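>>> sequence and predicted model, in that order:
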Amino acid sequence: MFAEVVPFRPSGFANILTYKIKENSAETAETAESVESVESVEVGDIAEIAMGEKREKCIIVNILDTEPDFKTKNLGKIIAKNIYSPQDIKNICDIAEYFFTSPSHIVKKAIPANIRNTNFINTTEFVNQKKNPIVSKEIKNRIQISLGSVYSKRSTDEVEFIKKIIHDEKHTTQQVLVVFPDSITLEQTFLKYKKLFSDICVFHSGVSKKKQIEAFWKIKTGNVQIIFGTQYSLCLPFFSLSGIIVYEFAHGSHKAKFSPYTNTMQSAEIIANNNNIPLLYTSCAGDIATIYRNKNTTISRHEKIYSSQQNLHIVDMKMEHQNKNFSPLSGIAMQKIKNAIAQKKKTIIYINRKGVSHYIQCSNCGDSPVSQYTGSKMNVFKNEKNQIVLRCSAMAYAQSIEKHDFCAHCSAKMEKVGVGTQGIEELLYPLGAKILRIDGDSFHTKTAQKKMMQEIEKADIIIGTQMMLSVGSIPDCSLIVDILFENNLHFFSFTTEETAWGQIQLLQEMFERPDSSHHLEYIVQTFEPQLQLIENIKSFENFYASEILSRKILQYPPFVEYIEIECSAKTEEKVKKHIDIILHLLQGNESRVDAVEVKKVPHLQVFIASIRFFTQKGEKNIMQKLSELSIKYTVRRC
């Protein structure tokens, strides 16, 4: 007999590997320490296999009676029994198939290295643990959506959803998974929920090795009912997963930016449908594709409790320039900041740019220094030694700005363009307030992120990028300033306006729930106050109707699939040949090409080509034809 396995270490050869199970014989008895007999091997076991010269762990996903038409190695010893159920394995394989990746990549993300690389699963206490035998009835409204601020009945929907499942008298040890966009949001919400529920465990890559192993076994054996985790917690071996909540499902971190390119919403729906369990989406904004995909389900829209106490100011920066104010902060913003400091209230300044300024540019010919690695303009930063440098953010490569005081082509003086978090920080120093900067430079380590809330409590002014949006409500915050709204729209994608609108809503979540006499000030600075997106800041219904109509007319997702194919070669000529072959294939499948890009990566000495296209549910046919080509490629859903 033969076993199909998913290795913990992704293989470059196949998604699922096949190994021979030795028959129960004298030969097996002699080598009992290194191979397993047929009777002892089951689907869901963790086994050891040989991959090259190394020994790796794997999950057994299937047992075959027929011999494959290729040579196989022997399956190694069984390390642990019944870790994954057949249903867990089906969920992992379905998610991998949908996102054009291998089950190994999913498993590697779901089980952190602290668990994969230890022998903890040799513990006999947990061997032969079986699933909770629950026979679930067909659920009519399996997927529900609750939209609104944390200071609305949305929070009540979350609590009631959890209580309904864990207090079910018909079944014991029912588990609810709450999936968060990132560990910062998780930790903040955990502080609130531990006051309501005692039986909660936290599982993500940021917790200690000891706590990870302890939480893993609690989840597996049913010794915990409420699990707080991030995206890949969906693929853990649960004892009896009975419900899923996706918290802040409009948050961009729910969509993976690195391989495997999965997203929480699609993964959660695959598991909810396979397991026949309820799924609740909650957010202050809303993901357009998810809402449209589930438009026939129950959608609750809750107004903010304090909406009448919030004052919105739209500041036209063109008028500021006409009044000779060329500062990044408008007159009204600066005055409100001074008032907040005097009243001992906190101010949040949002600008989605790091550094002192965007880049430097020749005042005469417009030339700018570019990175030797990526070819993009270098940003202006202040380093640890308080020196101004030019830096390539992608490669962490920096050089002195003094070399670029004058243009290399026409010798004219170079000028700084735009402003970033460090530039705003310098501008506000004279106010004498305690200033905290939250961006990828100031809080780039997990240790620093854990101290973030302590630093926020001491600060008068908090300046931050998108990273700050995960913090949640901040005590005594009465003023939020969005430095330049257009910064959110400088990314060329059909989701740009949706992302910008979601960031606005997440930004407003940073207001602490005020008392009845307290007023909140929200200032949006822009050079284009007539933008429809700005007009729809307070109305999700208007924004959604406008966005979904434009996508339908232009045939963008969710009405079509958006896919990216990436391939590489050592020469530009060869990579262009690959592009021609792939484009010819797409033309025959009625696909609409959106963009073709070729990028040189000098330090790797390769050229990388990216082809993004729209297709009308024909991706499976395209994938089949791609597999027949002699080209190395990767595919992802965008």
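Thanks, I have it.

>>> only C-alpha atoms from now on, for both contacts and neighbour counts.
Fine.

>>> Pro430 - that's part of a strand, no?
No: using DSSP: H, G, I helix; E, B strand; the rest coil, the assignment for Pro430 is helix, not a strand.

>>> next, count neighbours for it.
Neighbours of Pro430 under the rule other Cα atoms under 10 Å: 8.

>>> measure it to Ser627 for me?
Using Cα to Cα, to the nearest Å, one gets 62 Å for the distance from Pro430 to Ser627.

>>> helix, strand or coil: sort out Asp367 for me.
Put simply, Asp367 is coil when judged by three-state DSSP.

>>> what's the nearest residue to Gln212 if we skip its chain neighbours?
Beyond its immediate neighbours in the sequence, the residue positioned closest to Gln212 (Cα to Cα, 6 or more residues apart in numbering) is Phe203, lying 6.2 Å away.

>>> for the stretch 401-550 of the chain, which residues score under the pLDDT cut-off?
Low-confidence segments of the stretch 401-550 of the chain, defined by pLDDT under 70: 444-450, 512-518.

>>> hey, where'd the helices end up in it?
Along the stretch 401-550 of the chain, the stretches classed as helices by DSSP state H, counting those that start in this stretch are 421-428, 446-450, 452-458, 496-508, 532-535, 540-554.

>>> okay, the ones you listed, which one's buried deepest?
Between these, the one whose residues have the most neighbours on average, counting mean count of other Cα atoms under 10 Å, is helix 496-508 (a mean of 21).

>>> can you give me the strands in the stretch 151-300 of the chain?
Chain-ordered strands for the stretch 151-300 of the chain, with DSSP state E, counting those that start in this stretch as the definition, fall at 175-179, 200-203, 226-229, 241-247, 279-283, 298-301.

>>> tell me which of the ones you listed lies nearest to Pro7.
Put simply, out of the strands of the stretch 151-300 of the chain the one that sits nearest Pro7 is strand 200-203, at 21.9 Å, with distance taken as Cα to Cα.

>>> list the strands paired with the closest one, with their directions.
Taking DSSP bridges as the criterion, strand 200-203 pairs within the sheet with strand 226-229 (parallel).

>>> distance between the partner strand and the chain's centre?
For strand 226-229, the gap between its own C-alpha mean and the chain's C-alpha mean amounts to 17 Å (Cα atoms, centre = their mean, to the nearest Å).

>>> buried ones in that strand?
Of the residues in strand 226-229, 226-229 count as buried by neighbour count, 16 or more other Cα atoms under 10 Å.

>>> how's this structure carved up into domains?
If you go by automatic domain parsing, the domain ranges for the chain are 2-85, 143-301, 307-356+419-551, 561-637.

>>> re earlier: distance to His584 and mean pLDDT for the strands of the stretch 151-300 of the chain - can I get that in a markdown table?
Converted to a markdown table, these look like this (distance: least, Cα to Cα, whole Å; pLDDT from 0 to 100):
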| stretch | distance to His584 | mean pLDDT |
| --- | --- | --- |
| strand 175-179 | 41 | 96 |
| strand 200-203 | 46 | 93 |
| strand 226-229 | 43 | 96 |
| strand 241-247 | 40 | 95 |
| strand 279-283 | 40 | 95 |
| strand 298-301 | 43 | 86 |
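
>>> how about these in JSON lines, adding distance to Lys81?
Below are the strands of the stretch 151-300 of the chain laid out as JSON lines (distance: least, Cα to Cα, whole Å):
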{"stretch": "strand 175-179", "distance to Lys81": "21"}
{"stretch": "strand 200-203", "distance to Lys81": "22"}
{"stretch": "strand 226-229", "distance to Lys81": "23"}
{"stretch": "strand 241-247", "distance to Lys81": "19"}
{"stretch": "strand 279-283", "distance to Lys81": "30"}
{"stretch": "strand 298-301", "distance to Lys81": "40"}
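
>>> give me the distance between the two termini of stretch 146-157.
One end of stretch 146-157 sits 7 Å from the other (Cα to Cα).

>>> would you mark the buried spots in that stretch?
Of the residues in stretch 146-157, those with enough neighbours to count as buried (16+ other Cα under 10 Å) are 146-155, 157.

>>> in helices only, show me those residues.
Among the buried residues of stretch 146-157, the members falling in helices (DSSP state H) are 154-155, 157.

>>> can you map out the helices along the stretch 1-150 of the chain?
Counting by DSSP H, counting those that start in this stretch, the segments of the stretch 1-150 of the chain that form helices are 26-30, 86-98, 103-110, 113-116.

>>> can you tell which of the ones you listed is closest to Ile166?
Distance to Ile166, taken as Cα to Cα, is lowest for helix 86-98 among these, at 20.6 Å.

>>> just the CA atoms of the closest one, as CSV, please.
Once side chains and other backbone atoms are set aside, the C-alpha atoms of helix 86-98 remain, and they are given as CSV (Å, rounded to 0.1, in the frame of the first residue of the first chain):
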residue,chain,number,x,y,z
PRO,A,86,-10.1,13.9,6.8
GLN,A,87,-12.3,17.1,6.9
ASP,A,88,-9.3,19.2,8.0
ILE,A,89,-7.2,17.8,5.2
LYS,A,90,-10.0,18.5,2.7
ASN,A,91,-10.2,22.1,3.9
ILE,A,92,-6.5,22.6,3.4
CYS,A,93,-6.4,21.1,0.0
ASP,A,94,-9.5,23.1,-1.2
ILE,A,95,-7.9,26.3,0.0
ALA,A,96,-4.6,25.5,-1.8
GLU,A,97,-6.4,24.6,-5.0
TYR,A,98,-8.4,27.8,-5.0
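
>>> what's next to that helix, contact-wise?
The contact list for helix 86-98, computed with Cα atoms under 8 Å, 6 or more residues apart in numbering, reads 43-44, 61, 102-103, 106-107, 235-237, 267, 270-271, 274-275.

>>> no further queries at this time; thank you.
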